[in-house]
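Colleague: let's see this in three dimensions:
(2 chains)
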There are 2 protein chains.
Amino acid sequence: MNPTETTPSRRIDHIEPFRVMQLLERAKVLESMGKKIIHMEIGEPDFNTPQPIIAAAKKALEAQNQFYTPSTGAPELQQALAAWYQSEYQVAINPARILITPGTSGAFNLLYNVLIEHDEQVLLPDPGYPCQRNFIRLAGGSPINIPVDATTHYHLNAERIANHWQHKTRAALIINPGNPTGTLCAQAQMHAAIDVCHQNQGYLISDEIYHGLHYGATADEKPTTALALDDRAIVVNGFSKRWAMTGWRVGWVIVPEELIDPCRRVMQNIFIAAPTLSQQAAINALTLTDELEAMRLAYDERRKYLLNELPRLGFNVVVEPKGAFYIYANVSAITDNAKQFCHDLLEHAGVAITPGEDFGTFHANQHVRFSYATHLDDIKLGIDRVRHYLNL
Amino acid sequence: MNPTETTPSRRIDHIEPFRVMQLLERAKVLESMGKKIIHMEIGEPDFNTPQPIIAAAKKALEAQNQFYTPSTGAPELQQALAAWYQSEYQVAINPARILITPGTSGAFNLLYNVLIEHDEQVLLPDPGYPCQRNFIRLAGGSPINIPVDATTHYHLNAERIANHWQHKTRAALIINPGNPTGTLCAQAQMHAAIDVCHQNQGYLISDEIYHGLHYGATADEKPTTALALDDRAIVVNGFSKRWAMTGWRVGWVIVPEELIDPCRRVMQNIFIAAPTLSQQAAINALTLTDELEAMRLAYDERRKYLLNELPRLGFNVVVEPKGAFYIYANVSAITDNAKQFCHDLLEHAGVAITPGEDFGTFHANQHVRFSYATHLDDIKLGIDRVRHYLNL
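Modeller: All right, here's what the predicted structure looks like:
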């Protein structure tokens, strides 16, 4: 018998690899040939985990307590997060509703396993974070990609959700600040979106992983947690971005009371629990302010630089990105094939950016994403290279 | 609208909570009332993570590199594991086949998402580790529980696999040493089981999480990796048990070449990657020998004590458990209701053990599981209490 006769299941065929990974692999080959590549394709903070968090982790290691926490998380972290929601957003949340997960990836894997049944649907923005479609397919469900454009700041709104809601729809997703667009969703738009989900006996899932990373927001734009608007929303967040703790794999999801027990049952199985040391360190992370503000200011400086330079090079940024560390630009003035452009830019200019097709299909080949989770010196060098490549 | 109108999906209704959790909760209540409870229900080592691993983690923290590793794991850990398989089992394995996961829970969650499609089946032993059934249901599949008894040391064998294999069957599972039985699977039995899976164009999954924890095994019983018998097996293992690293959440799965890419695509989504620091510390863990042997000897001392005492109390151990840290005992001489017995034992004697029903349905109410991942002094106290409770 030949083991290759055993083929992977059909579901797997629909799980897309990140296309940017091919770019990254090619970038590594070029780097191994001695070329310096400017990485503006990566969605991971370039900052080291702040030193006080490292110190807290070392101290926790000395306490000799690296056993499992309860499946729903260390109670001390659940309580610290509840206190943090009170001080950060002035919202009172029962700590038992705050479930600690191995990153937000774990949170979404958990959520869709709990919320959706075979063939049921979740409404997603297109463009949007590519993993969302895959999480839903892995849970046996169907992602419904809804085109979003500048008119709603690239976010779903009540009207679009209502128009696409069907019998098998269970939830809709808003990620604010947005990925890949970096745009903010107005509070009124979010509030109405939550309402329409509940009118349809479903859930609005608010992905708040880029919260805290916003710049120059107006009062109505300033990201508040969806739970400040409506206690029935489901909120996902984590320590990876704002706290620069990607490799620690610790996030959380806040669910309505009726979902706590179903979530716990799934968590006992697929996680047992989130990493213990990461949870211990995360409690300290919640006390930081200056370190976070320093990173936010650095991101904003890079953002301003890029927003000044990109239009001169022909990249059209329609809605000012005031959050996360992404800029989503229309490249119609430069190319009619964004994917080819990204490949060529890497090959000939040594600059890596992400083609729009990684985020969906709606006008995908007219767009690219710049990430500014890269040192400003490198970003400046990258812009120089793009300018030369375009003969400007 | 009332949020409770939104009910969880039907699939969730089939995800069983660990029944022992109800016992644990009751145990906590009793402890909060000042009672000392003897915990012989828990499947987590009572040992702290060995000091050299703690020291390695501290050193890794100082290197300021807590970014994501590649989705399939830190290459250094993959290579260290390949070298470990060479020295531990004299097997050469391509490091790229060794995929690093957040514990073995992550490994199984990954595997079943890759291997099985809606309604497809995996053959499991009954009694067996309860999460297995839930992993498969969460992936949309059907667990097929096959009664196993003393005649095959409570493991699946070629005959039972062949008899139960159907059109929609994709894999069969052997966990060796066994949970809940602690029994070993003879190498010849394992080898034949792998063969019959491949004759049916499927996979044998070998759960080797309790490897290294075996006592007095004969030459044919000594657990070797399934990959030493047949390169086509799928092997799951991790650092939680043998290395006492439960809270670190780091395990691995070794897959045939054709499954590497499908697994990577799923890992990119549901994990991004296993915790970075845990992977860094795990590399050091693989160099330990004395610390592991000390733990193994302690387990064996407890095992011998229990195997001497339990029969005198009416617990019938049919096959000598020579692995893991579990003893599966028939309680027919004591009670006709193992579940009630476990509840009563906790309530009236302050001793927590796990009822057979947590592990399946086959003769479940005639069996209980003792875990000896508890200090010998406590085990002795527990046995004393059971003796008094039974008026012996």
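Colleague: domain ranges for chain A?
Modeller: Using automatic domain parsing, the domain parsing of chain A gives A:3-48+A:290-389, A:65-285.
Colleague: what separates the closest residue to residue A:245 other than its chain neighbours from residue A:252, distance-wise?
Modeller: Leaving aside its sequence neighbours, residue A:245 sits nearest to residue A:239 (Cβ to Cβ, 6 or more residues apart in numbering or on different chains; 4.1 Å). All C-beta atoms are positioned from the backbone trio N, CA, C, and that covers glycine. The gap separating residue A:239 from residue A:252 is 9 Å, by Cβ to Cβ, to the nearest Å.
Colleague: check residue A:318 too.
Modeller: Residue A:318 is 33 Å from residue A:252, by Cβ to Cβ.
Colleague: tell me the contacts of the residue of the stretch 101-250 of chain A found nearest chain B?
Modeller: Residue nearest to chain B within the stretch 101-250 of chain A: residue A:247 (3.0 Å; Cβ to the nearest Cβ). Neighbour list for residue A:247: B:65, B:66, B:67, B:68, B:69, B:273, B:275, B:276, B:277 [criterion: Cβ atoms under 8 Å, 6 or more residues apart in numbering or on different chains].
Colleague: among residue A:318 and residue A:252, which residue is more densely surrounded?
Modeller: residue A:252 (26 against 16; other Cβ atoms under 10 Å in any protein chain shown).
Colleague: need the pLDDT of the more buried one.
Modeller: Predicted confidence (pLDDT) for residue A:252: 98.
Colleague: who is it paired with across the strands?
Modeller: Applying DSSP bridges to residue A:252 gives these bridge partners: residue A:100, residue A:237.
Colleague: surely it and residue A:73 touch.
Modeller: Yes. Contact criterion Cβ atoms under 8 Å: residue A:252 and residue A:73 qualify, at 7.2 Å.
Colleague: mutual contacts of these two, please.
Modeller: Joint contacts of residue A:252 and residue A:73 (Cβ under 8 Å, 6+ apart) are A:98, A:99, A:100, A:101.
Colleague: about what we covered before: the residue nearest to residue A:245: neighbouring residues, count only.
Modeller: Counted with other Cβ under 10 Å, residue A:239 comes out at 25.
Colleague: what's near enough to touch it?
Modeller: Residue A:239 neighbours (Cβ under 8 Å, 6+ apart): A:245, A:248, A:250, A:251, A:278, A:282, A:285.
Colleague: mind running it again at 7 Å?
Modeller: Applying Cβ atoms under 7 Å, 6 or more residues apart in numbering or on different chains, one finds that residue A:239 lies in contact with A:245, A:248, A:250, A:251, A:282, A:285.
Colleague: got the phi and psi for it?
Modeller: Main-chain dihedrals, residue A:239, degrees, to the nearest 10: phi -90, psi 0.
Colleague: could you do residue A:159 as well?
Modeller: Torsion angles, degrees, to the nearest 10, at residue A:159: phi -60, psi -50.
Colleague: leaving out the residues flanking it, which one is nearest to residue A:175?
Modeller: residue A:207 is the one closest to residue A:175 (Cβ to Cβ, 6+ apart), at 3.8 Å.
Colleague: quickly list what the one you found is bridged to.
Modeller: Here residue A:207, judged by DSSP bridges, has bridge partners residue A:175, residue A:236.
Colleague: my read: it touches residue A:178, true?
Modeller: No. Contact criterion Cβ atoms under 7 Å: residue A:207 and residue A:178 do not qualify, at 9.3 Å.
Colleague: can you count the residues close to residue A:307?
Modeller: By other Cβ under 10 Å, neighbour count at residue A:307 equals 16.
Colleague: tell me who's in contact with it.
Modeller: Applying Cβ under 7 Å, 6+ apart, the residues near residue A:307 are residue A:317.
Colleague: distance from the chain centre to whichever strand or helix holds it, please.
Modeller: Assigning secondary structure by DSSP states H and E places residue A:307 in helix A:290-309. Mean-position distance between helix A:290-309 and its chain equals 18 Å (Cα atoms, centre = their mean, to the nearest Å).
Colleague: okay, the next helix or strand after that helix in CSV with CA atoms only?
Modeller: Downstream of helix A:290-309, the next assigned helix or strand under DSSP H and E is strand A:326-330. The C-alpha coordinates for strand A:326-330 follow below in CSV (Å, rounded to 0.1, in the frame of the first residue of the first chain):
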residue,chain,number,x,y,z
TYR,A,326,-1.8,49.1,8.2
ILE,A,327,-2.4,51.2,5.2
TYR,A,328,-4.6,49.9,2.4
ALA,A,329,-3.9,51.6,-0.8
ASN,A,330,-5.4,51.6,-4.3
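Colleague: list the buried ones in the following helix or strand past strand A:326-330?
Modeller: Downstream of strand A:326-330, the next assigned helix or strand under DSSP H and E is helix A:338-344. Within helix A:338-344, the residues that qualify as buried are A:338, A:339, A:341, A:342, counting by 16 or more other Cβ atoms under 10 Å in any protein chain shown.
Colleague: do the same with stretch A:125-137
Modeller: Quick answer for stretch A:125-137 (16+ other Cβ under 10 Å): A:125-137.
Colleague: which one is residue A:364 nearest to, not counting chain neighbours?
Modeller: residue A:356 (3.9 Å).
Colleague: hang on, I meant residue A:371
Modeller: According to Cβ to Cβ, 6+ apart, the nearest residue to residue A:371 is residue A:40 (5.2 Å).
Colleague: check residue A:196 too.
Modeller: Leaving out its chain neighbours, the residue that sits closest to residue A:196 by Cβ to Cβ, 6+ apart is residue A:158, at 4.3 Å.
Colleague: other residues contacting the helix or strand hosting residue A:146?
Modeller: Assigned by DSSP H and E, residue A:146 falls within strand A:142-147. By Cβ under 7 Å, 6+ apart, the surrounding residues in contact with strand A:142-147 are A:119, A:121-126, A:132-133, A:136-137, A:156, A:160, A:164, A:360-362.
Colleague: list the neighbouring strands of it plus their orientation.
Modeller: When DSSP bridges is applied, strand A:142-147 pairs with strand A:121-126 (parallel).
Colleague: show the average pLDDT along the strand it pairs with.
Modeller: Mean predicted confidence for strand A:121-126 is 98.
Colleague: after that strand, which helix or strand is next?
Modeller: helix A:130-138.
Colleague: dihedrals phi and psi, residue A:250?
Modeller: Torsion angles, degrees, to the nearest 10, at residue A:250: phi -140, psi 120.
Colleague: secondary structure class for the nearest residue to it once chain neighbours are set aside?
Modeller: Spatial nearest neighbour of residue A:250, chain neighbours left out: residue A:278 (4.2 Å); criterion: Cβ to Cβ, 6+ apart. Look at residue A:278: counting by DSSP: H, G, I helix; E, B strand; the rest coil, its state is helix.
Colleague: I'd say residue A:278 and residue B:275 touch.
Modeller: Yes. Using Cβ under 7 Å, residue A:278 is in contact with residue B:275, at 6.2 Å.
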